[in-house]
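> Sharing a model prediction with you, sequence too.
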Amino acid sequence: MIKEMPKTYDPKLAEDRIYKNWLDKKYFHAEVDKSKKPFTIVIPPPNITGQLHMGHALDNTMQDILIRWKRMQGYNALWVPGTDHASISTEVKIVKKMAEEGLTKEDIGREKFLERAWEWKKEYGGTILNQLMKLGSSCDWDRERFTMDEGLNNAVLTVFEKLYKKGYIYRGEKLINWCPKCRTTISDAEVDHVDKEGSFWHIKYPIKGTNEFLEFATTRPETMLGDTAIAVHPDDERYK
């Protein structure tokens, strides 16, 4: 009997079977081959803070198109997959989940917190990789990496030390974003600026030997207790 053709396309009946065949035959695996020109893409590793979104789907589809095209052109093409530990962002997620249990980092200590972090990575890192496979991504899964892998971690430390010794990395003097809760610095990219109404304070400092005052305005009056001097513009006629 001739099997009736389904009236609607069910991707589950085809995609998993075809993708498994690709993996079994190692179509995406690359070996060193000096007879072919190499072409490599290292995936911008998704953060393990959750699941992939439409932006990831678009980005990885573009990479997949490019790597498959290069394979068709005869290149020794390699697409390296992986995930990013996303330190602060992941910590925030774990702390939020712990709060639902009525716990804080201080309650459980460093080692127990790190155990939770690795459990989080195992759960959400695996979810992300499965989602990439569901997209049909032609990555070399034998080379899957994580940014906290020992080899990568050592490489970062080695390069950081070299750049520091060459003077390319230095401790500068500038304003930073300090989080009193996380007790660490936060990059500008991770800070949301919120406009708030405040007060404009006018403070009068007495001028020694006179009955006059020097008045200035500030939004941060708390610095008054540590003030040791007041600077004025030398060309300002008010202070001649």
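That came through, no problem.

> Quick check: Ile43 vs Gln131, distance?
Here Ile43 is placed at a distance of 13 Å from Gln131 (C-beta to C-beta, to the nearest Å). Backbone N, C-alpha and C define where each C-beta goes, glycine included.

> Tell me which of the two has more neighbours.
Using other C-beta atoms under 10 Å as the criterion, Ile43 and Gln131 rank with Ile43 on top: 20 against 17.

> quick one: contacts for that one?
Asn60, Gln63, Trp79, Val80, Pro81, Gly82, Cys139 (C-beta atoms under 8 Å, 6 or more residues apart in numbering).

> can we see that at 10 Å?
Neighbouring residues of Ile43 by C-beta atoms under 10 Å, 6 or more residues apart in numbering: 59-60, 63, 67, 79-84, 132, 137, 139, 144-145.

> Over to it: give its phi and psi.
Per-residue torsions, Ile43: phi -60, psi 130 (degrees, to the nearest 10).

> Distance check, it against Ser137.
The value you get for Ile43 to Ser137, if C-beta to C-beta is used, is 8 Å.

> and stretch 158-165, what's its mean pLDDT?
Average pLDDT, stretch 158-165: 96.

> for it, the distance to its chain's centre please.
Between the centre of stretch 158-165 and the centre of its chain there are 21 Å (C-alpha atoms, centre = their mean, to the nearest Å).

> Put the alpha carbons of it into PDB.
Backbone C-alpha positions of stretch 158-165 (Å, rounded to 0.1, in the frame of the first residue of the first chain) are rendered in PDB as follows:
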ATOM      1  CA  THR A 158      48.300  34.000  30.800                       C
ATOM      2  CA  VAL A 159      47.300  36.700  28.300                       C
ATOM      3  CA  PHE A 160      46.200  39.100  31.100                       C
ATOM      4  CA  GLU A 161      49.600  38.700  32.800                       C
ATOM      5  CA  LYS A 162      51.500  39.400  29.500                       C
ATOM      6  CA  LEU A 163      49.400  42.400  28.700                       C
ATOM      7  CA  TYR A 164      49.900  43.800  32.200                       C
ATOM      8  CA  LYS A 165      53.600  43.400  32.100                       C
END
